[in-house]
Every structure is written in structure tokens, then in C-alpha cells.
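Q: the sequence and its predicted three-dimensional model are supplied below.
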Amino acid sequence: MPPREPYRDRVELLQGTLDMLILQALRAGPAHGYAISQSIRAGSGDVLQVETGSLYPALHRLERAGWIQSEWAVTENNQRAKYYQLTSDGREQLAREHDRWTLFSDAIARLMNPVGSEGQA
């Protein structure tokens, strides 16, 4: 029996990408941590899954940076949860991160698909 590969189909996020994805998820409005992780998962077609051990430290980091703010509220299931929302600085940061991501992903695409290399592996 071949060795088990628990992370084989898992997509690891590039450092810094999680912050951008959280800010993007919060564009739709305030959300608690579980809703943010589900938004990222669903929005990525179930490719990206944010673990609790990564999500909450990122939320705290974004809050310390002033890009999000939080407040306690009651969920639709009548449970207390901390809801996060974008600040105006967070919206500006998201725009910067989006521009940087576009530049980065375009550069990777050019490297992976160089002009004139169709059919070559």
C-alpha cells in the first residue's frame, strides 16, 4: 500500500495571500470567522480551505493593522460570535493587494506560458 499523502490535493496559500482573501471576503459585509472561511472555500470552488489555526491569527493581525474591526454579536443560530468588517484603511489595503496580486499572477502566467512555446513541455 502506498504511503498516505494527506496534503496531496491541498493548495497552500502563498504568504500574504490569506490576508488579501480575508479582506476580499469582508467586502460583502461583516462576517464571523466561520463565515469568512466558508466564503473563501466556496468562492474558490472548494480548492482553498483556511484552517482555524491560520484564520484567527490573520484576523488578529489585520485588526492590529487597522484594516478590519470587530464586535461581538449574536449569530443566526443565536450564538455569540465576533463579527469582523472592513475599515476604510482595509478597503485601501485590499485595492493595493489586488493590484499587487494581478502583477504577480500575470508574471507567473507569462513564465508558465511563454509566447512561442505552444506544444512544448
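A: Cool, the structure landed.
Q: host element of the residue positioned nearest the centre of the chain?
A: Nearest to the centroid of the C-alpha atoms of the chain, with distances taken as C-alpha atoms, centre = their mean, sits residue 21, at 2.5 Å. Element membership for residue 21, per DSSP states H and E: helix 17-25.
Q: so which elements touch that helix?
A: When contacts are defined as 3 or more C-beta pairs under 8 Å, 6 or more residues apart in numbering; DSSP states H and E, helix 17-25 sits against helix 33-43, helix 52-65, helix 88-112. C-beta here means a position set from N, CA and C on the backbone, and glycine is covered the same way.
Q: just to revisit the earlier point, do you know how far the residue nearest to the centre of the chain is from residue 111?
A: Separation of residue 21 from residue 111 (C-beta to C-beta, to the nearest Å) stands at 23 Å.
Q: equivalent analysis for residue 91, please.
A: 31 Å.
Q: more neighbours: which of these two?
A: Using other C-beta atoms under 10 Å, the more surrounded residue of residue 91 and residue 111 is residue 91, with 13 against 8.
Q: which pLDDT value belongs to the more buried one?
A: pLDDT for residue 91: 98.
Q: for it, give its distance to residue 114.
A: From residue 91 to residue 114 the distance is 36 Å (C-beta to C-beta).
Q: and the pLDDT at residue 14?
A: For residue 14, pLDDT reads 64.
Q: what's near enough to touch residue 18?
A: Taking C-beta atoms under 8 Å, 6 or more residues apart in numbering, we find residue 18 in contact with 50, 54, 55, 58.
Q: with adjacent residues omitted, what lies nearest to the last one?
A: Closest residue to residue 58 in three dimensions, ignoring its sequence neighbours and counting by C-beta to C-beta, 6 or more residues apart in numbering: residue 18, at 5.1 Å.
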